[in-house]
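In: How does the following fold in three dimensions:
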Amino acid sequence: MNKDAVTKIIEAALRGGDKSPGLFDLPKVMLLKAELQACTSINDVLAIIDTHRALISKAFGLSGAVIEETMRKLKALEK
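Out: Numbering: from 1, shown residues only. I've put the predicted structure just below:
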């Protein structure tokens, strides 16, 4: 897994959101970041994003479509 490419895709999506994590979401987001950094495969990354979809959407102001597009881009890295 190319961690740099994964990071760039995720960061680009998060920058496209219209919010920043609030005080109460920040600890959850930091735990999510640690989980993502510990991943060793794209499938692990996708599973974590899918599990925490509601938090990601709420904390960063991302639509479901943006999250789906991000997951599609990540899946394309597997090939």
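In: all helices of this protein, in order?
Out: Taking DSSP state H as the test, the helices found in the chain are 3-15, 26-37, 42-51, 53-60, 64-77.
In: tell me which strands and helices the fourth one is in contact with?
Out: Spelled out, that is helix 53-60. With contacts defined as 3 or more Cβ pairs under 8 Å, 6 or more residues apart in numbering; DSSP states H and E, helix 53-60 has these neighbours: helix 26-37, helix 64-77. Yep, even glycine has a C-beta here, placed from its N, CA and C like the rest.
In: Repeat the analysis, applying 6 Å as the threshold.
Out: Helices and strands touching helix 53-60, by 3 or more Cβ pairs under 6 Å, 6 or more residues apart in numbering; DSSP states H and E: there are none.
In: got the angle between that helix and helix 42-51?
Out: If you take axes from the mean of the first three to the mean of the last three Cα atoms, to 10 degrees, helix 53-60 sits at 70 degrees to helix 42-51.
In: what does the average pLDDT come to for helix 53-60?
Out: Throughout helix 53-60, pLDDT has a mean value of 96.
In: Could you give me the buried positions within that helix?
Out: For helix 53-60, a neighbour-count test (16 or more other Cβ atoms under 10 Å) marks Ile56, Ser57, Ala59, Phe60 as buried.
In: Is it possible to get TSV of these that adds distance to Glu69?
Out: Formatted as TSV, these follow (distance: Cβ to Cβ, whole Å):
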residue	distance to Glu69
Ile56	13
Ser57	13
Ala59	18
Phe60	14
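In: nearest to Arg72, of those?
Out: Ile56 (15.2 Å; Cβ to Cβ).
In: Gly22 versus that closest one, what's the distance?
Out: According to Cβ to Cβ, to the nearest Å, Ile56 and Gly22 sit 14 Å apart.
In: Kindly report the same for Met30.
Out: For Met30 relative to Gly22 (Cβ to Cβ), the value is 13 Å.
In: and what of Asp50?
Out: Counting by Cβ to Cβ, the gap from Asp50 to Gly22 is 23 Å.
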